[in-house]
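**Student:** quick one, fold the following:
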Amino acid sequence: MEAWIPITIFAAFFQNVRTAMQKYIKDRLSTGGATYVRFLYGAPFALIYILGLDQFTSLSIPEPNGEFGIFMAMGGIAQILATGLLVSLFSLKNFAVGTTYSKTETVQAAIFGVVILGESVGFGGSLAIGISFVGILLISMSSSSFTLRDFLSGWTTKAAAYGLLSGAFFGISAVSYRAAALALGGEGAVMQAAFTLVCVLFFQTAVMTVYLPIREPGQLVKVLKAWRVAFFVGLTGMLGSVGWFTAMTLQNAAYVRALGQIELVFTFIASYYFFKEKTNKIEATGIGLIVVGILVLLLD
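**Tutor:** Next up, the predicted model:
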């Protein structure tokens, strides 16, 4: 088994945990504050991680260059914008439409991978991405009045525009992070990924530290007061990010994001076994298609 596969599954699991904890802390903070927690409290853990790699392994911290800086900043800004657009969908009536369009992230990551890095996705990879996307579409429709007809005819709505842009920026961020790590050169994918992660988190923390007091006064203090829960959000978020960054340094970002959809499988397992929530036939079919897509990807 190639290393990027278990690393991606590891990343998806911890992203699931981090998301659950962010939902919990969201009761105390604004959306911007809950997002900021991920960067502010994750950055110190990422720094400890890379210093540990430097101290206890033969890997050395790489020297950054201009190409790395451009792609790192591009990915960091794109991720912030993607998150902001996704959050903006909550204020729109047809939220389900927008969030479904945002799930085109994997498809768009494949496109940006070709444009930015010249990396193509083979027939098997394309088929896997397509199957998984149909599964996501079914899950989105199962819990709302959103229909296939709405999806096919809704390309011109504001929610669709927000969703597509969100997916595009998430795709750009994934490919940019891979490009930034590869720009460092060398053979140590783990250290390349770790260095990219540290730079991105501190960059995003700096951007949000300037932004938050201007747009959401008072949130900065609330974020600091919520440190007990925020500590674990930062830790689990960092662990997930270590997995994502390492996997995307080793493999095409579109493949990594496609396999990363296993997070939805984790979510439904937790929902069924821990919260005793029932899954309807459409949701079960959607999850089944995501699993089939993942299997096709792994067998490609």
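**Student:** from Arg38, how far out is Gly188?
**Tutor:** The gap separating Gly188 from Arg38 is 26 Å, by C-beta to C-beta, to the nearest Å. Placement of C-beta: from N, CA and C, glycine included.
**Student:** of the two, which one has the most company?
**Tutor:** When Gly188 and Arg38 are compared for neighbours, Arg38 comes out ahead with 27 against 19, by other C-beta atoms under 10 Å.
**Student:** which SS class is the more buried one?
**Tutor:** helix (DSSP: H, G, I helix; E, B strand; the rest coil).
**Student:** contacts only, for it.
**Tutor:** Arg18, Gln22, Val233, Gly234, Gly237 (C-beta atoms under 8 Å, 6 or more residues apart in numbering).
**Student:** confidence-wise, which of those residues comes last?
**Tutor:** On pLDDT alone, Gln22 ranks lowest of those, at 71.
**Student:** identify the residue nearest it in space, chain neighbours excluded?
**Tutor:** Distances taken as C-beta to C-beta, 6 or more residues apart in numbering place Ala34 nearest to Gln22, at 5.2 Å, with adjacent residues excluded.
**Student:** what's the neighbour count on the one you found?
**Tutor:** Ala34, neighbours per other C-beta under 10 Å, totals 23.
**Student:** which element is it on?
**Tutor:** helix 31-40 (DSSP states H and E).
**Student:** which residues does the helix or strand where Ala258 lies contact?
**Tutor:** Element membership of Ala258 [criterion: DSSP H and E] is helix 253-259. By C-beta under 8 Å, 6+ apart, the residues outside helix 253-259 that reach it are 4-5, 8-9, 12, 105-107, 109-110, 113, 119, 121, 125, 128-129, 132, 171, 174-175, 177-178, 244, 247-248, 293-294, 297-298.
**Student:** mean confidence for it?
**Tutor:** 88.
**Student:** C-terminal to that helix, what's the next element?
**Tutor:** helix 262-273.
**Student:** got the contact list for whichever helix or strand comes after that next one?
**Tutor:** Using DSSP H and E, the helix or strand that follows helix 262-273 towards the C-terminus is helix 281-299. Residues outside helix 281-299 that contact it (C-beta under 8 Å, 6+ apart) are 5, 124-125, 127-139, 141-143, 255, 258-259, 261-262, 264-265, 268, 279.
**Student:** what does stretch 231-241 give?
**Tutor:** 10-15, 17-18, 21-22, 25, 37-38, 40-46, 49, 197, 201.
**Student:** mind listing what's buried along that stretch?
**Tutor:** Val233, Gly234, Leu235, Thr236, Gly237, Met238, Leu239, Gly240, Ser241 (16 or more other C-beta atoms under 10 Å).
**Student:** dump the C-alpha coordinates for that stretch into PDB.
**Tutor:** Extracted in PDB, the C-alpha atoms of stretch 231-241 (Å, rounded to 0.1, in the frame of the first residue of the first chain):
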ATOM      1  CA  PHE A 231      -6.500  23.800  22.700                       C
ATOM      2  CA  PHE A 232      -7.900  20.500  21.500                       C
ATOM      3  CA  VAL A 233      -9.300  22.100  18.300                       C
ATOM      4  CA  GLY A 234      -5.800  23.300  17.500                       C
ATOM      5  CA  LEU A 235      -4.200  19.900  18.300                       C
ATOM      6  CA  THR A 236      -6.700  17.800  16.300                       C
ATOM      7  CA  GLY A 237      -6.700  20.400  13.500                       C
ATOM      8  CA  MET A 238      -2.900  20.200  13.300                       C
ATOM      9  CA  LEU A 239      -2.800  16.400  13.300                       C
ATOM     10  CA  GLY A 240      -5.300  16.400  10.400                       C
ATOM     11  CA  SER A 241      -3.300  19.100   8.500                       C
END
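**Student:** among the contacts of Arg38, which are in helices?
**Tutor:** Under the assignment DSSP state H, the contacts of Arg38 contribute Arg18, Gln22, Val233, Gly234, Gly237 to helices.
**Student:** the fourth one and Phe112, how far apart?
**Tutor:** I take that to be Gly234. Distance of Gly234 to Phe112, computed by C-beta to C-beta: 28 Å.
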